[in-house]
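# here you go, sequence then predicted model.
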Amino acid sequence: MFTKVYGSAVIGVEASTISVEVNTDIGVGYHLVGLPDSAIKESNYRIAAALQNNGYRIPGKKITLNMAPADLRKEGTAYDLTLAIGILVSTGQINTQYDPEEYIIMGELGLDGSLMPIRGVLPIAINARDEGFKGFFLPDQNAEEASVVEGLDVYGISHLSQLIAFFDIGKVPKVTEHKGLKAAVSTNPELPDFCEVKGQESIKRCMEVAAAGGHNIVLVGPPGSGKTMLAKRLPGILPPMSLPEALETTKIHSVAGRTMEHNGLITDRPFRSPHHTISDVALVGGGSFPQPGEISLAHNGVLFLDELPEFKRSVLEVMRQPLEDRQVTIARARFTVTYPSSFMLVASMNPSPGGYFDNPDSPVASSASETRRYLNRISGPLLDRIDIHMEVSPVNFEELSQDRYGERSEAIRKRVIKAREIQTMRFEKLPEIHYNAQMGVRQIRKYCAIDKQTKQLLKLAMEKLKLSARAYDRILKVARTIADLDGEELVLSRHVAEAIQYRSLDKLTSN
């Protein structure tokens, strides 16, 4: 008897329907074809035990299972449930009160028939709805994540017997309530607040500018000056995620198997802070079976690299292309996977190996040659891709001992949102650009035009700091953001002057 059931494969952050064809014939043998990996090939042992422990069996007949398209490699244990139902229907052990071809069925089986969670549920659910499937059977631990997709019945089940009862006697499990997608995703009020930071008003200002334009930023200062504290508060002043951003972010985390802790849709902007011992594959993604790396998990959020010079140079250099293109492409012999990676890079570093600026009062002194070697651990091309470089000085006792609190993150976020709204209107006809940091050369020339006097100011800065053409564009982008925060239509000389001040590392390396 021939039977067809459906599962799904996730490639990158998109899903593709997999047709599982089961044919039972005279003879003996169990043949699984269609380019399955080792985990799928081992599924017959899990399926056999799960069926036996629930009163069913794999009969002693010739069973051929084909996973089509046969030239696409199938990975993981999520096809156990798909294959098990296909075998039961094909061998006539259960009736079909409902047509199995109208449903996507996915789940990993335990030996007792219980179901364990799987990865990539959200892209699978979106693809199932788009291709007209009636429903989606999956482990109940994943059901809440899939329920954000409207137009698809999501059945969260905990045991194989529930799916058998559905097809055999028509007992319909409870449909997981559709949460749907809200009109806007709110910002988590429990995020660390800028009001807790004493002093550092100039740094708070440049963080506001960075958030308003989506600019990359590096903070340079001695230990204990507040670099990490400031970086961790940046997500609290970023605008709430839009629906497309929330959906795209959740898809990436779903593929990586990290959505269980979020109970469905990810509503907070990600904040990723990998250790400096991270490998280049873990940072950008990849592996034998490619998975998204930290830069993709930080998509639509913040990637914080603490102690930037301590990262291996090879690790930092692989970020060049993703920082420019806002996506990372992983090529393998048989396929290519592209993951989005549009994130704000926030880095922190000490100004010298000793940790302090060149100051006679510093506890530890470093020679000029030692400092230069330390700064040279970060390549010029990578620094060029960071819009804002800011020196962070230690906070004095008077400011630390004050009882009053600074400006709250909520107030700063309102100004950031207003500036982002201006940018959204500006780029409404450019679907690939949403904020100033994403502007290309053409948009910079159009929206960052400056007068003759301002050009002269910028020329002096270029010559003195020996800036590159890319740094020139970065200054104009930051100046455009400062103008947006001021509500100015034109980029004025004061905006460019402030943007030039945010190139501290250019000053240090040019000396």
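Structure received. Numbering: from 1, shown residues only.
# give me the residues contacting the biggest strand by length in the chain.
Counting residues, the longest strand in the chain under DSSP state E turns out to be strand 14-25. Contact with strand 14-25 is made by 1-10, 59, 61-69, 72, 74, 79, 82-83, 86-87, 89-91, 104, 120, 123-124, 126-128, 131, as judged by Cβ atoms under 8 Å, 6 or more residues apart in numbering. Yep, even glycine has a C-beta here, placed from its N, CA and C like the rest.
# please convert the buried members of those residues into ChimeraX selection syntax.
Selecting the buried subset of the contacts of strand 14-25 in ChimeraX, with 16 or more other Cβ atoms under 10 Å as the burial test, is done by:
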select :3,4,5,6,7,8,9,10,63,64,65,66,67,68,74,79,82,83,86,87,89,90,91,104,120,123,124,126,127,128
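# can you tell me which of the contacts of strand 14-25 are in helices?
82-83, 86-87, 89-90, 123-124, 126-128 (DSSP state H).
# could I get those residues as a markdown table with pLDDT?
As requested, the ones in helices among the contacts of strand 14-25 are exported to a markdown table (pLDDT from 0 to 100):
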| residue | pLDDT |
| --- | --- |
| 82 | 97 |
| 83 | 96 |
| 86 | 96 |
| 87 | 96 |
| 89 | 95 |
| 90 | 94 |
| 123 | 95 |
| 124 | 96 |
| 126 | 94 |
| 127 | 96 |
| 128 | 96 |
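# and these as JSON lines, adding distance to residue 217?
Output for these, formatted as JSON lines (distance: Cβ to Cβ, whole Å):
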{"residue": "82", "distance to residue 217": "47"}
{"residue": "83", "distance to residue 217": "50"}
{"residue": "86", "distance to residue 217": "53"}
{"residue": "87", "distance to residue 217": "56"}
{"residue": "89", "distance to residue 217": "57"}
{"residue": "90", "distance to residue 217": "59"}
{"residue": "123", "distance to residue 217": "32"}
{"residue": "124", "distance to residue 217": "37"}
{"residue": "126", "distance to residue 217": "34"}
{"residue": "127", "distance to residue 217": "37"}
{"residue": "128", "distance to residue 217": "41"}
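# show me what contacts residue 139?
Taking Cβ under 8 Å, 6+ apart, one finds 107-108, 115-118, 156-158 in contact with residue 139.
# quick one: it from residue 345, how far?
Distance, residue 139 to residue 345, by Cβ to Cβ, to the nearest Å: 36 Å.
# state the mean pLDDT of the longest strand of the chain.
Across strand 14-25, pLDDT averages out at 94.
# give the buried residues for whichever helix or strand comes after it.
Using DSSP states H and E, the helix or strand that follows strand 14-25 towards the C-terminus is strand 29-33. Buried residues in strand 29-33, defined by neighbour count with 16+ other Cβ under 10 Å: residue 32.
# tell me the angle strand 29-33 makes with strand 14-25.
160 degrees (axes from the mean of the first three to the mean of the last three Cα atoms, to 10 degrees).
# which secondary structure elements does strand 29-33 contact?
On a contact count with 3 or more Cβ pairs under 8 Å, 6 or more residues apart in numbering; DSSP states H and E, strand 29-33 meets helix 43-52, strand 62-68.
# present those as JSON lines; the columns should include distance to residue 390.
Output for the helices and strands packed on strand 29-33, formatted as JSON lines (distance: least, Cβ to Cβ, whole Å):
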{"stretch": "helix 43-52", "distance to residue 390": "54"}
{"stretch": "strand 62-68", "distance to residue 390": "54"}
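# need those in JSON lines with mean pLDDT and distance to residue 439, can you?
Formatted as JSON lines, these follow (pLDDT from 0 to 100; distance: least, Cβ to Cβ, whole Å):
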{"stretch": "helix 43-52", "mean pLDDT": "95", "distance to residue 439": "50"}
{"stretch": "strand 62-68", "mean pLDDT": "95", "distance to residue 439": "45"}
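# of those, which is nearest residue 274?
Smallest distance to residue 274 across the helices and strands packed on strand 29-33 (Cβ to Cβ): 33.9 Å, for helix 43-52.
# buried ones in the closest one?
43-44, 46-48, 50-51.
# quick one: contacts for residue 56?
Contacts of residue 56 (Cβ under 8 Å, 6+ apart): 88, 93-94, 164.
# and it, its phi and psi?
phi -130, psi 180 (degrees, to the nearest 10).
# where exactly do the strands run in the stretch 101-250 of the chain?
Here the stretch 101-250 of the chain has its strands, by DSSP state E, counting those that start in this stretch, at 103-105, 108-109, 115-116, 135-139, 153-157, 217-220.
# residue 405: which of those strands is closest?
Using Cβ to Cβ, the strands of the stretch 101-250 of the chain put strand 217-220 closest to residue 405, at 21.5 Å.
# how far does that closest one sit from the chain's center?
22 Å (Cα atoms, centre = their mean, to the nearest Å).
# residue 218: neighbour count?
Using other Cβ atoms under 10 Å, the number of residues around residue 218 comes to 22.
# what's around the spatially closest residue to residue 264 that is not a sequence neighbour, how many residues?
Leaving aside its chain neighbours, residue 264 sits nearest to residue 144 (4.3 Å; criterion: Cβ to Cβ, 6 or more residues apart in numbering). Neighbourhood size, residue 144 [other Cβ under 10 Å]: 20.
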